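Trainee: starting from these lines, generate the structure:
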Amino acid sequence: MKILIIEDEQDLLNVMLRYLKREGYLCETASTFSEGYKKISNYEYACAIVDLNLPGGDGLKLVKILRDENTETGIIIISARNTVDDRISGLDVGADDYLTKPFNLSELNARVKAVLRRKTNQFNKELKFGELSINLDERKVNAGDITLKLTKKEYAILVYLVRNKNRVVTKDALAEHLWGDYMDEAVSFDFIYAHVKNLRKKLAANKCGEFLQTVYGIGYKFQV
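Mentor: Below you'll find the model as predicted:
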């Protein structure tokens, strides 16, 4: 899951970034209105956490732009503005939730999970394809009664391909999803090939290998 955090208070931004990365999310950041606008214009995110008081513009405008352009992205406003009118304004322009500062990081995480469930799973916590099941809350993948031991990257690849089932996902798109702002860490597509190869072996060993297909020269597809 890729999350965009738009926050100009650097200390708070760093704290949220570290916490959410520990929770298994791929996170990207922006600290000004213009940086946030560039991010939401060029990339897709499962969830955006948006502060309202940003250098260069009002975060409410970013929320409206994001909602108009991508209805599937979950949006959580975080702000020191805590009046009823402020919260109503935020929700009216398209935010899914509104969290006032200061807040507890565990509460933020719970709200992110709730928004993602509503936006991407129609309240379902589990995705099932034959014997293969994915519990998104527990980040657990089962093949029948067997729990697969996947790395974080293998799990992220599987979930991303599942969310784009029956569609070809290019190696570029997969690399950008996995590493985001940190694409240099990927070094080359060989890393993606290795992760997918290991994931396919684990699926095939438990009779679920038919779902993951290679589209040679292009990328991969989760076929159901």
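Trainee: need the next SSE after the lowest-mean-pLDDT helix or strand in the chain, C-terminal direction.
Mentor: Within the chain, no helix or strand scores below helix 171-179, which has a mean of 80 by mean pLDDT, DSSP states H and E. Moving toward the C-terminus from helix 171-179, the next helix or strand (DSSP states H and E) is helix 190-205.
Trainee: follow-up on the earlier one: how far off helix 190-205 does the least confident helix or strand of the chain point, in degrees?
Mentor: The directions of helix 171-179 and helix 190-205 differ by 90 degrees, with axes from the mean of the first three to the mean of the last three C-alpha atoms, to 10 degrees as the criterion.
Trainee: distance from helix 171-179 to the middle of the chain?
Mentor: Taking C-alpha atoms, centre = their mean, to the nearest Å, one finds helix 171-179 lying 12 Å from the centre of the chain it belongs to.
Trainee: show me what it is packed against.
Mentor: Judged by 3 or more C-beta pairs under 8 Å, 6 or more residues apart in numbering; DSSP states H and E, helix 171-179 is in contact with strand 26-30, helix 152-163, helix 190-205, strand 219-222. Where you see a C-beta, it was placed from the backbone N, CA and C, and this is true even at glycine.
Trainee: give me the buried positions along it.
Mentor: For helix 171-179, the buried set under the neighbour-count rule, 16 or more other C-beta atoms under 10 Å, comprises 171, 174-179.
Trainee: same thing with stretch 151-161?
Mentor: 153-161.
Trainee: go on, stretch 29-36?
Mentor: Buried, per 16+ other C-beta under 10 Å, within stretch 29-36: 29-31, 33, 35-36.
Trainee: separation between residue 140 and residue 127?
Mentor: 11 Å (C-beta to C-beta, to the nearest Å).
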